[in-house]
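Peer 1: please find the sequence and the predicted model below.
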Amino acid sequence: MLYEKLTDDMKNSMKSGDKETLSTIRLLKSAIDLYKINNKMDRLSAPTDEVVINVVCSTIKTHKDSIEEFKKAGREDLIEKLEKEIEYLSKYLPEQLTDEEINKIIDEVFEEIKPESMKDMGKIMRELTPKIKGAADMTHVSALVKNKLNN
């Protein structure tokens, strides 16, 4: 399970004195605990891989948004720190899909739903999200779907 791997990584970073990794893992574990509280889950049980992936995706998205703001403010020091955290957090995600693989899945969903206009975007994304979540940046997936709908 991913949560066990996360716990082992935390122990190893404590032993090795890797403060940056330890800080990132603690951030992730806190976010997972908050997720469990907000979704009224049993706080004492280990979260599923799906929960860990959802939290990692959410954390990475937040980091990317922060990087954009830091770029506007010229805060290169903070940008570098967040980019390192994103790189580290990404190792808890499944292998990332290529554009070709994503387009294949999108085509399959299009065959099922047979969308007629942009009004069907919500239906498409509802169908796609469980199949792709964690394996691709959903902002990128959304852009690919919009492009396909417009053509």
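Peer 2: That came in fine, so what should we check first? Residues are numbered from 1 along each chain as shown.

Peer 1: what's the mean pLDDT across the lengthiest helix in the chain?
Peer 2: Assignment by DSSP state H gives helix 49-73 as the longest helix of the chain. Mean pLDDT, computed over helix 49-73, is 93.

Peer 1: now stretch 96-110
Peer 2: pLDDT averaged over stretch 96-110 gives 92.

Peer 1: do the same with stretch 31-41
Peer 2: 90.

Peer 1: now what about it, what contacts it?
Peer 2: The contact list for stretch 31-41, computed with CB atoms under 8 Å, 6 or more residues apart in numbering, reads Y3, D42, R43, P47, V51, V52, N54, V55, S58, T59. Bear in mind the C-beta positions are built from the backbone N, C-alpha and C, glycine included.

Peer 1: got a list of contacts for the longest helix of the chain?
Peer 2: The contact list for helix 49-73, computed with CB under 8 Å, 6+ apart, reads 1-3, 6, 27-28, 31-32, 35-36, 41, 47, 76, 78-79, 82-83, 85-86, 89-90, 92-94, 133-134, 138-139.

Peer 1: which parts of that helix are buried?
Peer 2: Residues of helix 49-73 classed as buried: V51, V52, I53, N54, V55, V56, C57, T59, I60, H63, I67, F70 (neighbour count, 16 or more other CB atoms under 10 Å).

Peer 1: just stretch 21-34 next, same as before
Peer 2: Buried, per 16+ other CB under 10 Å, within stretch 21-34: T21, L22, T24, I25, L28, K29, A31, I32.
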